[in-house]
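>>> quick one: sequence plus predicted model below, questions after.
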Amino acid sequence: MLNPYETQILITLIKNPKYQNTTEISKATKISWNTTEKYLEEMHEKGWLEKKGRTKIYWKAIIKNEK
């Protein structure tokens, strides 16, 4: 089950399927940058998000089609 922050972040990433950085996600969700970063990392560890980049990190939701 998702908490309210994870829900907002995931909805934001699904609505805009391009890679986004933490600042963009934070502004879109109106969640502080630090809280956004915390939940992005946790969601990535759970396998819900893709992460790319080294100095600047970008995030994208992983959408799996089950058949």
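Thanks, I have it.
>>> just the buried positions in stretch 33-47, please.
For stretch 33-47, burial by neighbour count (16 or more other Cβ atoms under 10 Å) applies to 36-37, 39-40, 43. From N, CA and C alone the C-beta is placed, and that goes for glycine too.
>>> contact partners of it?
With Cβ atoms under 8 Å, 6 or more residues apart in numbering as the test, stretch 33-47 has contacts from 3, 5-6, 9-10, 22-23, 25-26, 29, 31, 49-51, 59, 62.
>>> show me what counts as buried in stretch 12-22.
The neighbour-count check on stretch 12-22 (16+ other Cβ under 10 Å) flags 12-13, 20, 22 as buried.
>>> so which of those residues belong to helices?
Mapping those onto helices (DSSP state H) picks out 12-13, 22.
>>> got JSON lines for those, with distance to Thr55 and pLDDT too?
Shown next, in JSON lines, are these (distance: Cβ to Cβ, whole Å; pLDDT from 0 to 100):
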{"residue": "Thr12", "distance to Thr55": "23", "pLDDT": "97"}
{"residue": "Leu13", "distance to Thr55": "21", "pLDDT": "97"}
{"residue": "Thr22", "distance to Thr55": "13", "pLDDT": "97"}
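>>> pretty sure Leu13 is touching Leu49, no?
Yes - counting by Cβ atoms under 8 Å, Leu49 is a contact partner of Leu13 at 7.0 Å.
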